[in-house]
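**Q** Quick one: sequence and predicted model below, then my questions.
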Amino acid sequence: VNTMVAPRLTPGGLATQYSSAGHFDLAPDQALVITLPVTDAPYLGFQLGSLWYVSLDYINHQTSLNGTQAQADPDGKIRIVVAERNPGVTNWVETDGHRKGFLQFRWQRVSRELTEADGPTVELVDAGDVPTRLPYYESNRISTEDWRARIALRQKLIGDRMVG
């Protein structure tokens, strides 16, 4: 619980796809800080799902991030905060009312074998301690207005994809 496995070739998946999975069990006052280095993989995807592996509401909530959407820190690492309560950071991934669920990363078209060093590390923290667990917290912050704009853009892009 509240951990993820090292990246491994996706069983039965693409020959150049690696995955890392785990599951969360968070109280409303807890958060996971997930850290991984930026790689040269053309596609990185992270998502949450229910215990039945059903995607959470990715249209109206940020329950997933891809490599383009995720903010990388100056040290070359991506830090994602999984929590119910908004920590006020760009890489917040919302549990959307689910106390338990799955966590999954996918890297596609990798140029080399991924190892444990490429994989996520997960830290369970009190939600109020998130600012002290993000070394670039000040540059990770996002205003309520900018968050709303981010969700509105998400809705538009998904809508365009569904009808186009």
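**A** Now that the structure is in, tell me what you want to look at.

**Q** Could you check how far the lengthiest helix in the chain is from the centre of its chain?
**A** With secondary structure taken from DSSP state H, the chain has its longest helix at helix 144-163. Averaged C-alpha coordinates place helix 144-163 at 17 Å from its chain's average position (CA atoms, centre = their mean, to the nearest Å).

**Q** got the buried residues for that helix?
**A** Using 16 or more other CB atoms under 10 Å as the test for burial, helix 144-163 gives Trp147, Arg154. Heads up, the C-betas are built off the backbone N, CA and C, glycines and all.

**Q** Contacts for it, please.
**A** Outside helix 144-163, the residues that touch it by CB atoms under 8 Å, 6 or more residues apart in numbering are Tyr58, Ile59, Asn60, His61, Gln62, Asn86, Thr90, Ile142.

**Q** Going through these, which ones are buried?
**A** Tyr58, His61, Gln62, Thr90, Ile142.

**Q** Any chance of the backbone angles for the residue nearest to the spatial centre of the chain?
**A** Taking CA atoms, centre = their mean, the centroid of the chain lies closest to Phe46, which sits 4.4 Å from it. When read as degrees, to the nearest 10, the backbone of Phe46 gives phi -130, psi 140.

**Q** That one against Val93, yeah?
**A** Yes - the pair formed by Phe46 and Val93 meets the contact definition of CB atoms under 8 Å, at 6.9 Å.

**Q** what's the least confident helix or strand in the protein, going by average pLDDT?
**A** Least confident helix or strand, the chain: helix 144-163 with a mean of 92, by mean pLDDT, DSSP states H and E.

**Q** Can I get that one in CSV? Just the C-alpha atoms.
**A** Taking C-alpha atoms only, helix 144-163 is exported to CSV below (Å, rounded to 0.1, in the frame of the first residue of the first chain):
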residue,chain,number,x,y,z
THR,A,144,-7.0,28.9,-8.0
GLU,A,145,-7.6,30.9,-11.2
ASP,A,146,-4.8,29.1,-13.0
TRP,A,147,-6.1,25.8,-11.7
ARG,A,148,-9.5,26.5,-13.1
ALA,A,149,-8.0,27.4,-16.4
ARG,A,150,-6.0,24.2,-16.4
ILE,A,151,-9.1,22.1,-15.9
ALA,A,152,-11.0,24.2,-18.5
LEU,A,153,-8.2,23.5,-21.1
ARG,A,154,-8.3,19.8,-20.1
GLN,A,155,-12.1,19.7,-20.8
LYS,A,156,-11.7,21.5,-24.1
LEU,A,157,-8.9,19.2,-25.4
ILE,A,158,-10.7,16.1,-24.3
GLY,A,159,-13.9,17.4,-25.9
ASP,A,160,-12.1,18.1,-29.1
ARG,A,161,-10.6,14.7,-29.1
MET,A,162,-14.0,13.0,-28.6
VAL,A,163,-15.7,14.8,-31.5
